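A.B. asks: structure of the sequence below:
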Amino acid sequence: MGAVVSAKRASHPTLPNFITLPQKEGAPAYTRPGQFAARLGLEFEPLFVQGDSQARLKFQIPALTMQDGLTPARLQRRHQLLRQFNAMRRGVDQLSSTADWNARQQRALSLLLNSVTTEAFDVAREPEVLRERYGQTVNGMSLLAARRLVEAEVPFITVFWRGDPERLNKKCASGGGWDTHGNNFNCLQEDLLPEFDRAFSALIEDLANRGLLETTLVLVSSEMGRKPKIGDPRSGGASGAGRDHWTHCLTNVLAGGGIRGGQTYGSSDRFAQYPAIHPLTPSDITKTVYYAMGVDDLEAVDPQGRPYNLLAEGKPLTTLF
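C.D. replies: Coordinates of the predicted model:
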């Protein structure tokens, strides 16, 4: 979704159109697919900003951190030298791959030298009382950083919940997050929901107080639901009180962006196993996000000049607005 919005909306003057924090989602051994630009091209990939569970006010762009001793002035001198080299091989620059590389290089330089970049992620500028309202965890501060990016008019921001493996792996058999294969109910009540409720309600309240909620669509989603039947073989069955993966039914939350609050769309059967009323697919939710953002042209052209549709399935849920 973010890459499509990045491609279809006008470019932000100083920041990327698509920013993800506080982590690149996926287990340590791999990076989870589905968060990149694919055929749209590297130009529309997200900018990944890394958060730190210990230094919660510090957000870094791993690929855009200056080496020790490298000052902005020295970086600009290097760039001037590079421009001289480029002038000597101008013919090569006609290649699309070279042009793409040059565009990425220019974006990196712009981000490094622009004070707006630093200020946008500097949550330490926010009052202590507001930081405390969000909850001073890496997830709370990520949502506060997201609000700052909304103020800076970045079109699409994704916050991936960062788990706490050291504290919750043993307790929840979850990798530290919401994947509760064990002790589901205690983990939700004592750990996951209090942190989420505090940060999410603070974000909605903060956006509303600043007059930004009507123009900002907030979507809470997940990759799947949880199995209705309690008990996961990996945590001792029913006695382990875990919830396994369940891809047949899940719930999304939409707020702001013209959505009318206080409504429920659709329902599951009485066992929460399968959709019963108004069944939807991920494409319907995606099309609703595009609708809210004014993206209705989903035609694209691949690097070989062949046209294709970015999402042929689904339709926006206009009755929600």
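A.B. asks: which residue is nearest the centroid of the chain?
C.D. replies: Note on the chain: the residue nearest the mean C-alpha position is residue 158, at 1.5 Å, using CA atoms, centre = their mean.
A.B. asks: show me where the stretch 1-150 of the chain dips below the pLDDT cut-off.
C.D. replies: 27-29, 60-72, 75-76, 78-118 (pLDDT under 70).
A.B. asks: in it, which spans are strands?
C.D. replies: Ranges of strands in the stretch 1-150 of the chain, per DSSP state E, counting those that start in this stretch, are 18-21, 47-48, 50-51, 59-60.
A.B. asks: any idea which of those is most buried?
C.D. replies: Compared across the strands of the stretch 1-150 of the chain, strand 18-21 shows the largest average neighbour count, a mean of 25 (mean count of other CB atoms under 10 Å). Quick note: C-beta positions are derived from backbone N, CA and C, even for glycine.
A.B. asks: quick one: residues in contact with that one.
C.D. replies: For strand 18-21, contacts defined as CB atoms under 8 Å, 6 or more residues apart in numbering pick out 2-3, 5-6, 35, 44-51, 59, 142, 145-146, 149, 154-160.
A.B. asks: try 7 Å this time
C.D. replies: By CB atoms under 7 Å, 6 or more residues apart in numbering, the surrounding residues in contact with strand 18-21 are 2-3, 5-6, 35, 44, 46-49, 51, 59, 142, 145, 149, 154, 156-160.
A.B. asks: also stretch 188-197?
C.D. replies: Under CB under 7 Å, 6+ apart, the answer for stretch 188-197 is 135, 137, 139, 168, 178.
A.B. asks: residues contacting residue 126?
C.D. replies: Going by CB under 7 Å, 6+ apart, residue 126 touches residue 144.
A.B. asks: how much space between it and residue 143?
C.D. replies: Distance of residue 126 to residue 143, given as CB to CB, to the nearest Å: 12 Å.
A.B. asks: same question, residue 280
C.D. replies: Distance of residue 280 to residue 143, given as CB to CB: 26 Å.
A.B. asks: what about these two, which has more around it?
C.D. replies: Ranked by neighbour count (other CB atoms under 10 Å), residue 280 and residue 143 place residue 143 first, with 25 against 15.
A.B. asks: re earlier: the contacts of stretch 188-197 in helices, which ones?
C.D. replies: Among these, the residues falling in helices (DSSP state H) are 139, 168.
A.B. asks: most neighbours among the contacts of stretch 188-197, which one is it?
C.D. replies: residue 139 (25 neighbours).
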